Each structure stands twice: as structure tokens, then as C-alpha cells.
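**Student:** one predicted model, sequence on top.
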Amino acid sequence: MRFLLAEDDDYLARALAQGLGSRGYAVDAARSGKEAIQALSDSEYDLLILDLGLPEVDGSQILRLLRERGSTLPVIIITARDAVQDRIAGLDLGANDYLTKPFDFGELEARIRAILRKNVWGNRMEIHCGLLRFVLNTKEVFVGGEVCEFTPRESAVLEMLLSRAGRLVPKKALVEHLASWEEAPSDNAMEIVIHRLRRKLCTAGVEISTVRGFGYLLRESQ
Amino acid sequence: MRKSIRRKLLLWLSAGLGVIWIISALIGYFLALKFSDDSFDRELINSSDSVAARIKFKEGRLVVDLPPAAQAILRHNNRDMFFYQVLNADGERLSGDKLPLPDIAGLSDVPSFRLIRLPSARGDKVHEVRLAELKVLSPENDGKAFIIQVGETLAARKQLSYKILASIMLPQFVTALLGAYAVWIGISRGLAPLRTMQEAISARSASDLSDVDDSISPEETYPLVQSINELLARLRAYIEAQKRFIANASHQLRTPLAGLKTYSSLGLGAESAVEMKEVIGQIDFGLERLTRLVNQLLSLARVDPYGATALKPEVFDVADVLSEVLTEQAALAAAKSIDFGLEDECVSYSILGDRIGLQQLFSNLVDNALQYTPAYGRVTVSLKTFDDRLFFAVRDTGPGIPDIEKEKIFERFYRLSGAGTSGSGLGLSIVKEVASTFQAQVSIETGENGIGTVFTVSFPAGRRD
């Protein structure tokens, strides 16, 4: 999952990027409204974490712009403005959630999970595919009742493939969704991740097939 | 007891009314007394005429035929005693009671009046007697003249005078009382708008600082209402400024707190000592930044013109304060290998004002210069007098400030776009506020050859010692 974090405070942005990065999300940080708008038109994101008090272009303007363009990108507002009217205004502008600073990082994570669960998984808590069971909150993977260990990146790729199980996931999209600006995994790195996933899931009753030069497809073994 | 306009007015009016009452009563009394005296005197003349009519010659002797029955008629009332005496032109008594002799030469046929004191017959009392005296010619036409004296005691006159006095004083007293009552009512009516206003103000909630309605105020209290409204306006501005400040401050504190909370969550989930150490390092950095922000907020509250704490002006040496600041900042300059220097005239300058404030002003400007100047840059501080003013300047070789931002940087919480440092956006606000307490001006210029920035603070009347 790739997020855009629009926050002008360097310290908070670093903290959030580090925290979300350690949970397997790829985070790009924009320090101003202009940077955020640029990033939104350049790349595809799964979530926007938006501070309202941004320099140059205000956060609420970005949100308005986004919704005017018809974007369905989920947005969580993080702001120091805690008045009820501000919350109402923020949500009515099209935000999916509203967190007041200082918030608990665990709560932010839970809200991110809730939004993704709804958007990507239709509010399911677990994904079943063959013998594989993927618990969304904890990112734990069980194969026939046994816990299966994955690195954050493996888990992120698996999550992405599971979210579109039975459909082709273009390699480009996969790379984009898993990479932040800092560390863009190459196609080769992606192939290595897919290779490891196949090996770890050989008993899980799922198979990941490659459409050469285009992408991957995960489905229940026939 | 609190001073009361109503009581005071009433007191003054009552005193005035009282004096008027007494004066007018006295005037009325004396006028009435004169008229009544005149009428009593006329009756006395009548009596003297009656006595004159009773003078007869019998056998060559002059007699006054005034039997007691006639005397009783001459008495005008039964409270007063009546006296008469007839004398010949030489002053010999011919008839009547014994009365003191008149000034015979001064008498004429026009009666003259005087007041005498007459001992009573038994000698135990003294009567006051009004005496009419006149000279009449003999009825025989023999050229002789007589002197007639008639007198009466004053009981009836006095009684009448008391009646007159009472009949004047009582109605006037009632009039004065009614006047005082009318004044009382009038004042109450007159003060009614004040009460309405007072009720309107009491009924307000503490947060209602809108203007008092001046349309109901009478002309006399209009200036008061206006003053109150001006005070309210100042209060509104003050509260507005405080609200803005608090909103800004809370906003500015929330973001670093959010960062700290995030790092502390990461620390709780850290799996290795190395990871933990890194997070604690970040928390430490965040706390340092937050501490600085809080300190700056507090010092801003200190120099805030609306602030609760009063500044304590003292006379001190500017050069002393500057050297303290430079000593403090030297470590940062050394850490960034910045060429850090001072140009001054090696003298001291006395100034009157808030010492700590000035220290913060110097410290903020020097710190800013050192923060924004890249490593191996140059920061020069100078303190000089020119044209009776004291100039403090800091020149740096930092990235400079774009012209369009030069005004904005003094606004609270404003931060240069793209400035990656951990500033609070308050430093220059503090500089500006402190400068204003010294009546000093702050100006920004671009440095020599378009490199860096020069901040100059110009103090009035910097005295060289």
C-alpha cells in the first residue's frame, strides 16, 4: 500500500513515515500543498494523510481539488484544529476520517486499516484463499492453521495480490504501490519477492502465475 | 455610605429652599407688620381725636369729659390697656393718666408715634406702650394749644403679628416640602435611564462584550457610555488577541506533540536496543524543540503588550547583555564552523528598559543568523552609535529572505517556506515586541552583493558612557 503524507512539520512527517514504513506501508512525504498536488498527479496512491495547515496550498483546498477531479482516493485528515465545526467541515469536504493532533499512532494505524478494509476488502477482516488465511489487522498469514512468517515487503505484495485475487495485477502497479520515493524496488527485486512468496506458499493451495512482461495473478490452485 | 447624586441634590436644594423660605417669610412678615401697625396707629389717632373732642371749658377751666364708659369705647380690644393724657402747651397735666412728657417743641397737629416703657400701677410690671402724641388748638379759638397723648399696650398687635407670621410661614413651608418632593421625584425620573442601563449591563453574560446601547443614554451620561464602549472595544481587541494567541499556541504545540507521540509508540514497539536508541534520540530531539517552543511562547507572553506580567525597566549596559548572548551562542557557531565576530566601539551604552527582553532580542537574532547560515559561513554582530541612535546589527551569509516575505516574517508562527530548521516561528515576533518596548525599529536588508541578510535594530538615544 502506498500512501502520500502531506505534512509540513518535518519532525512529525519523519516520525509518521518511519512508523508507517515499519508496518509495511510505502510512504511519500510532501512538505507543502504544491508538493502534495504534484505528487497526487504523478503517482497513484492508496491513501492520503492530509494536514490542513499546509503552506502554499491549504489542505482543505487540496481535498476540494481532489474531489472535484472525481478522485475516490481515501483521505484521513490530521490537524490541530479540533473544533467540532472543523471536523464537520473536513468530513463534508470529502475526507474519510479526521484525527486531531496529537493523536495516538496506534489509532492512526487502526483508522488506516479500517479505511483500507472497507475500500479494498469490503469490510472483511480476513481473506481466505485455498488453505491460506490472511488476517488483515495483524498481517498474519496462516497456512492450514500454521503461522507463516513473512517480511513486511512480502506481506505487502501478498496483500496486494490477495486484494485482487483472480485478477491480473500489473507489475508496474505492484511496484508503484509498494515503493516510496526513497527506495524504489526494481522489477528484479519484485521478482525475487514473488519467488520467495511462491516458495513459502507452496503448501497453501494458492498459485501465483506470471504473465511475462506484464504482471502477476494469484488464485486458488485448481 | 456611597455618595448619592439624589441625596446631594436634595440636600443642596433643601438648603436653598430653606434659605429662600426664611428670607421670603421675613420680608412678608415685616411688610404685613408695617401695614397692621399703620392700621393700629390709625385707630390710635382716632382715639386721640375722640379725646380732643372731649376737651371742654367749664367755668374757664379746661376739662376732659371722658367717663369710664367712653374710655371703654376708646379701648380697641379687651386685651390691651388704654392710656391718655392731656397737657397744656406748657406741659402741665390737665387730665388723664400719668405719662412721660413729650418733646413739646417737636409736636405738631400731625400725630407722632413712639414706643415707651411704662411701669404698671402696682410697679411690678413694665408695659410696652405705643404712644401717639399731637398738638391740637383749643376749641375756644383763643390761640391756646393742648397736647394730647394716647397710648395702648401691644398685646393685640403682637397677637396679630404672630398670626401673620404663621399665615406666611406655614403655606411657604408646605410649598417648600412639596418642592423638595417634586425634586425627589424629578431626580428619580431623571436617573431612570441610568437604572435601565445598569439593568441592561447587569443582565449581560460575562462573555458579552458588545457595545452598551447609547441611544437611551441622556446627554449627561453620554460621555460615560462612550468611555465604557471604548473600554469594551479595547477589551474585545485584547481578548481577541489572546484568543488568537492561544489558538496559535495550541496549534503549534499539537504538531510536535503528535510527532513525539508517534515516536513513543514506535519506541514501545521497538524490538532491538539499537532501534530503541534511535527512537529515544528522536524523542530527545523533539522534546528539545518543544522546550524551545514553550520557552519562546512564554517569553512572548512576557513582552506581549497585553500580557499580564509587567516588565520591570532598569538601567543596564547593552554591551554587557550582548557579550552574554555571544558567549552563549559561540558554541553553536563553533559547531558549524561559522566565522563568528563582533564589531563594536569597546564602550558601554546605558539604556533603560527590560534587560531580559533585550537579551531575548539579541539571542533570537544571533541564533537565527547562526541557524540559517550554512556551515563555514560568516555571521557578524555589530553595536555602534550614529546620530544619537544606537544600532545593533547582525549580518549573515545565509540563504537570504525573499522581498515578499520580509514583512511576513515578523508575524507570529510565520516560517519561511522551505526552511527546514526547527524554528518555532516566534523568534522574530519576540524581537519585534521587545523592540517596541524600547521604541526601537527593526529593519531587514539583503546583505552585501545580494548574499545573506542584515537585521538592524535602531534604539533611540543610546547613551555612551
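**Tutor:** Cool, the structure landed.

**Student:** buried set for stretch B:155-171?
**Tutor:** Neighbour-count burial for stretch B:155-171, counted by 16 or more other Cβ atoms under 10 Å in any protein chain shown, picks out B:156-157, B:160-161, B:164-165, B:168-169. No exception for glycine: its C-beta is placed from N, CA and C like everyone else's.

**Student:** same check on stretch B:179-187?
**Tutor:** Buried residues in stretch B:179-187 (16+ other Cβ under 10 Å): B:179, B:183-184, B:187.

**Student:** pick out the residue closest to the middle of chain B.
**Tutor:** Taking Cα atoms, centre = their mean as the criterion, B:Leu224 is the residue nearest the geometric centre of chain B, at 10.8 Å.

**Student:** okay, and that one sits in which element?
**Tutor:** B:Leu224 belongs to helix B:222-268 when assigned by DSSP states H and E.

**Student:** can you spell out which helices and strands pack onto that helix?
**Tutor:** Applying 3 or more Cβ pairs under 8 Å, 6 or more residues apart in numbering or on different chains; DSSP states H and E, one finds that helix B:222-268 contacts helix A:10-22, helix A:105-121, helix B:273-303.

**Student:** now the second one, how far from the centre of its chain.
**Tutor:** So the one you mean is helix A:105-121. Put simply, helix A:105-121 sits 9 Å off its chain's centre (Cα atoms, centre = their mean, to the nearest Å).

**Student:** tell me what that helix is packed against?
**Tutor:** Short answer (3+ Cβ pairs under 8 Å, 6+ apart): helix A:105-121 packs on helix A:10-22, strand A:47-51, strand A:75-79, strand A:97-100, helix B:222-268.

**Student:** next: the last one.
**Tutor:** Secondary-structure packing of helix B:273-303 (3+ Cβ pairs under 8 Å, 6+ apart): helix A:10-22, helix B:222-268, helix B:355-372, helix B:427-437.

**Student:** may I have the helix or strand following the first one exported as CSV, CA atoms only?
**Tutor:** Note on helix A:10-22: by DSSP H and E, the next helix or strand toward the C-terminus is strand A:26-30. Extracted C-alpha coordinates of strand A:26-30, given in CSV (Å, rounded to 0.1, in the frame of the first residue of the first chain):
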residue,chain,number,x,y,z
ALA,A,26,5.2,2.8,1.5
VAL,A,27,5.0,6.5,2.4
ASP,A,28,5.9,9.5,0.3
ALA,A,29,6.1,12.8,2.3
ALA,A,30,5.1,16.1,0.8
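
**Student:** and the residue of the stretch 1-150 of chain B closest to chain A?
**Tutor:** Closest approach of the stretch 1-150 of chain B to chain A (Cβ to the nearest Cβ) occurs at B:Arg2, with a separation of 44.9 Å.

**Student:** residues near that residue, how many?
**Tutor:** 4 (other Cβ atoms under 10 Å in any protein chain shown).

**Student:** low-confidence stretches in the stretch 351-465 of chain B?
**Tutor:** Low-confidence segments of the stretch 351-465 of chain B, defined by pLDDT under 70: B:415-424, B:461-465.

**Student:** got the buried residues for the lowest-mean-pLDDT helix or strand in chain A?
**Tutor:** None of the helices or strands of chain A scores lower by mean pLDDT, DSSP states H and E than helix A:171-178, at a mean of 81. By 16+ other Cβ under 10 Å, the buried positions in helix A:171-178 come out as A:171, A:174-175, A:177-178.

**Student:** give me the distance from that helix to the chain's centre.
**Tutor:** 11 Å.

**Student:** elements contacting that helix?
**Tutor:** Against helix A:171-178 (3+ Cβ pairs under 8 Å, 6+ apart) you get strand A:2-6, helix A:152-163, helix A:187-200, strand A:215-220.

**Student:** wait, what's in contact with the residue nearest to B:Lys432 when sequence neighbours are not counted?
**Tutor:** Nearest residue to B:Lys432, sequence neighbours excluded (Cβ to Cβ, 6 or more residues apart in numbering or on different chains): B:Phe410, at 4.7 Å. Residues near B:Phe410 by Cβ atoms under 8 Å, 6 or more residues apart in numbering or on different chains: B:428-429, B:431-432, B:442.

**Student:** can I assume B:Thr446 is in contact with B:Val454?
**Tutor:** Yes - if you go by Cβ atoms under 8 Å, B:Thr446 and B:Val454 touch, sitting 7.4 Å apart.

**Student:** the more surrounded of those two?
**Tutor:** Between B:Thr446 and B:Val454, counting by other Cβ under 10 Å, B:Val454 is the more crowded of the two (18 against 15).

**Student:** tell me the domain ranges of chain B?
**Tutor:** Here the domain parsing of chain B from automatic domain parsing is B:5-162, B:219-303, B:314-464.

**Student:** pLDDT of the shortest one, averaged?
**Tutor:** Put plainly, it is domain B:219-303. Confidence over domain B:219-303 (mean pLDDT, whole number) is 86.

**Student:** cool, and the longest one?
**Tutor:** Predicted confidence along domain B:5-162 averages 83 (mean pLDDT).

**Student:** end-to-end on it?
**Tutor:** One end of domain B:5-162 to the other measures 39 Å (Cα to Cα, to the nearest Å).

**Student:** wait, what's in contact with the closest residue to B:Gly357 other than its chain neighbours?
**Tutor:** Once flanking residues are discounted, B:Gly357 sits nearest to B:Val434: 4.2 Å by Cβ to Cβ, 6+ apart. B:Val434 is in contact with B:303, B:354, B:357-358, B:360-361, counting by Cβ under 8 Å, 6+ apart.

**Student:** then B:Tyr84?
**Tutor:** Contact analysis of B:Tyr84 by Cβ under 8 Å, 6+ apart lists B:47-48, B:51, B:66, B:71, B:74, B:96-97, B:99, B:148-151.

**Student:** what about the residues you listed, which are in helices?
**Tutor:** Residues of the contacts of B:Tyr84 located in helices (DSSP state H): B:47-48, B:51, B:71, B:74.
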